[in-house]
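Asks: coords please:
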Amino acid sequence: YLKPKPEWSVFREASFGHGELKIVNSTHAHWSWHRNDDDEPVKSDEVWITSLVNSDCIRSNQLDLKIRTTA
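Replies: So this is what the prediction gives:
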């Protein structure tokens, strides 16, 4: 991984680690990446994943679809 380096790269990290995905409830999940640094896992990245099922953008699209199909 260290050699040969590509001609162009935005970011490179030669460490290993593991990811964790925790399902919090029916609408939220949390993903995190842990680097193995000196035998201790270090959280280096995380993201919350949210379902769009109950969001206003989905509801407005469904309403628009109903109007188109019944017109």
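
Asks: Residue 17: neighbour count?
Replies: 16 (other C-beta atoms under 10 Å). For every residue, glycine as well, the C-beta is placed using N, CA and C.

Asks: what sits against it?
Replies: 33, 34, 35, 36, 41, 44 (C-beta atoms under 8 Å, 6 or more residues apart in numbering).

Asks: wait, is the second one part of a strand?
Replies: Put plainly, it is residue 34. Yes - with DSSP: H, G, I helix; E, B strand; the rest coil as the criterion, residue 34 is assigned to a strand.

Asks: Bridge partners for the most centrally placed residue in the chain, pull those for me.
Replies: Nearest to the mean C-alpha position of the chain, by C-alpha atoms, centre = their mean, lies residue 47 at 5.4 Å. In this entry, residue 47 is beta-bridged to residue 31, by DSSP bridges.

Asks: and what of residue 43?
Replies: Residues in beta-bridge contact with residue 43 (DSSP bridges): residue 34.

Asks: could we number from 480 for the rest of this?
Replies: All set: I'll call the first residue 480, so the last point we hit is now residue 522.
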